[in-house]
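Q: the following comprises the amino acid sequence and a computationally predicted model.
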Amino acid sequence: MAKGSSATASAAVPVAGNDTAKAVTYLCAGLFIFSFQDIIVKLLSSTFPVHELVMIRGLIAAPLIFLYVHYDSGFQTLSVKRPWAHLLRSFCMFLSYITFYLALAAIPLTTAVALFFTAPLIITALSIPMLGERVGWRRWLGVLFGFCGVLVILRPGSEGLQWAALLPVLAAAGYGFSQLLGRRLGANDSASVMSFYTNITFVYCGAAMALVLGDGAYADGTEGAMSFLLRAWVVPNGLEMAMIATTGVIATFGFILLTQAYRVGEANKVAPFEYSVMVWASLLSFIFFGTLPDIYTLIGAGMIAASGIYILYRERTNKESELRGRGPYQTRYAMK
């Protein structure tokens, strides 16, 4: 997911400098290759079940992320103090990925990405009960404006509304919850460690889904997202296996690029450029599928992006002095 989202996330990374131009370059490059992952998933969604893609992707990414943990913080950091919290965060991330991928099988990529960017709005709302943060009326207006953008895209009551269009919003909710947990865990554990445990969870959960759904017993008569969920396991040919393996490589190197972005630049200056993924999604959708976002998606996406950037601005205004003294910043990285 551009996640991704594509995307927004939270894990503590120490800031190594303040090179905004380099940070934005890392960020945009990471989001660009994550957009390719979304394209690959969408291309394969008519042939393979989602659990197969997630499981193989995780198996490919596992050794790469394991090596990156060694480079980033050392293998000893894999011994965490709160394993159950890591498990809960990882499972929420897994549900987020699954629902976003299911959406790709049924709706345009640009629509899915735009709706997924409600994650910052959901994070703002959930930060009150989960972190005890205070959210002023200006940020609440920003949240309300963003969800009005969701309504513009979904157009409730119109003939074009699909239930699958709600999946990216559910993905954003799971993602937001996982990232708020990540803010707590980030005080003791690195982003690479959290990514490692998330990836392992993907493998085990994908395998569990395959055991239950892998024979395709429930797939008869389904289509779109439901077919992608319930389809039987398929043995990939060489090209298909290469495409699936590529998603695992993208997951690793995309994560590294996004982490580096927040290491060399200030989070509040870099994060607004996460919305560049909408440009990549639109461009790649046109190249691979010949589709462009309709006027409702463009207007709604603009409203969601504007609200997210405004909320970020208000957070920076209210907490700038606190952020300077805290050391690690919260990174936002995609749900792919």
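A: It's in. Residues are numbered from 1 along each chain as shown.
Q: what ranges does this structure have for its strands?
A: 12-13, 329-330 (DSSP state E).
Q: pick out the shakiest of the ones you listed, pLDDT-wise.
A: Among the strands of the chain, strand 329-330 carries the lowest mean pLDDT, a mean of 37.
Q: mean confidence for stretch 31-46?
A: 95.
Q: got the CA coordinates for that stretch in PDB?
A: C-alpha atoms of stretch 31-46 as PDB (Å, rounded to 0.1, in the frame of the first residue of the first chain):
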ATOM      1  CA  LEU A  31       6.500   5.900  -2.000                       C
ATOM      2  CA  PHE A  32       7.100   5.500  -5.700                       C
ATOM      3  CA  ILE A  33       8.300   1.900  -5.300                       C
ATOM      4  CA  PHE A  34       5.500   1.200  -2.900                       C
ATOM      5  CA  SER A  35       3.000   2.300  -5.600                       C
ATOM      6  CA  PHE A  36       4.600  -0.400  -7.800                       C
ATOM      7  CA  GLN A  37       3.800  -2.900  -5.100                       C
ATOM      8  CA  ASP A  38       0.100  -1.900  -5.200                       C
ATOM      9  CA  ILE A  39       0.100  -2.200  -9.000                       C
ATOM     10  CA  ILE A  40       1.600  -5.800  -8.800                       C
ATOM     11  CA  VAL A  41      -1.000  -6.800  -6.200                       C
ATOM     12  CA  LYS A  42      -3.800  -5.400  -8.300                       C
ATOM     13  CA  LEU A  43      -2.500  -7.200 -11.400                       C
ATOM     14  CA  LEU A  44      -2.300 -10.500  -9.500                       C
ATOM     15  CA  SER A  45      -5.600 -10.100  -7.600                       C
ATOM     16  CA  SER A  46      -7.600 -11.700 -10.400                       C
END
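Q: so which bits of it are buried?
A: Of the residues in stretch 31-46, 31-42, 44-45 count as buried by neighbour count, 16 or more other C-beta atoms under 10 Å. For every residue, glycine as well, the C-beta is placed using N, CA and C.
Q: distance-wise, check the residue nearest to D19 when sequence neighbours are not counted relative to S195.
A: Using C-beta to C-beta, 6 or more residues apart in numbering and skipping the chain neighbours, the partner closest in space to D19 is V264 (4.8 Å). Separation of V264 from S195 (C-beta to C-beta, to the nearest Å): 18 Å.
Q: neighbour count: those two, which is higher?
A: S195 (25 against 19; other C-beta atoms under 10 Å).
Q: quick check: the more buried one touching A62?
A: No. Taking contacts as C-beta atoms under 8 Å, S195 lies outside contact range of A62: 10.6 Å.
Q: which stretches of the stretch 101-250 of the chain have low pLDDT?
A: 157-161 (pLDDT under 70).
Q: now the helices: where do they sit in it?
A: Counting by DSSP state H, counting those that start in this stretch, the segments of the stretch 101-250 of the chain that form helices are 109-116, 119-131, 137-154, 167-185, 191-213, 224-230, 238-264.
Q: what packs against the fourth one?
A: Okay, so that is helix 167-185. Counting by 3 or more C-beta pairs under 8 Å, 6 or more residues apart in numbering; DSSP states H and E, the packing neighbours recorded for helix 167-185 are helix 83-104, helix 109-116, helix 119-131.
Q: against which helices or strands is the top helix by length along the chain packed?
A: Across the chain, the longest stretch assigned as helix under DSSP state H is helix 295-326. Applying 3+ C-beta pairs under 8 Å, 6+ apart, we find helix 295-326 packed against helix 109-116, helix 119-131, helix 137-154, helix 267-270.
Q: let's see 6 Å
A: helix 109-116, helix 137-154 (3 or more C-beta pairs under 6 Å, 6 or more residues apart in numbering; DSSP states H and E).
Q: can you redo those helices as TSV with mean neighbour count and distance to H51?
A: Below are the helices and strands packed on helix 295-326 laid out as TSV (neighbours: other C-beta atoms under 10 Å; distance: least, C-beta to C-beta, whole Å):
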stretch	mean neighbour count	distance to H51
helix 109-116	29	19
helix 137-154	18	27
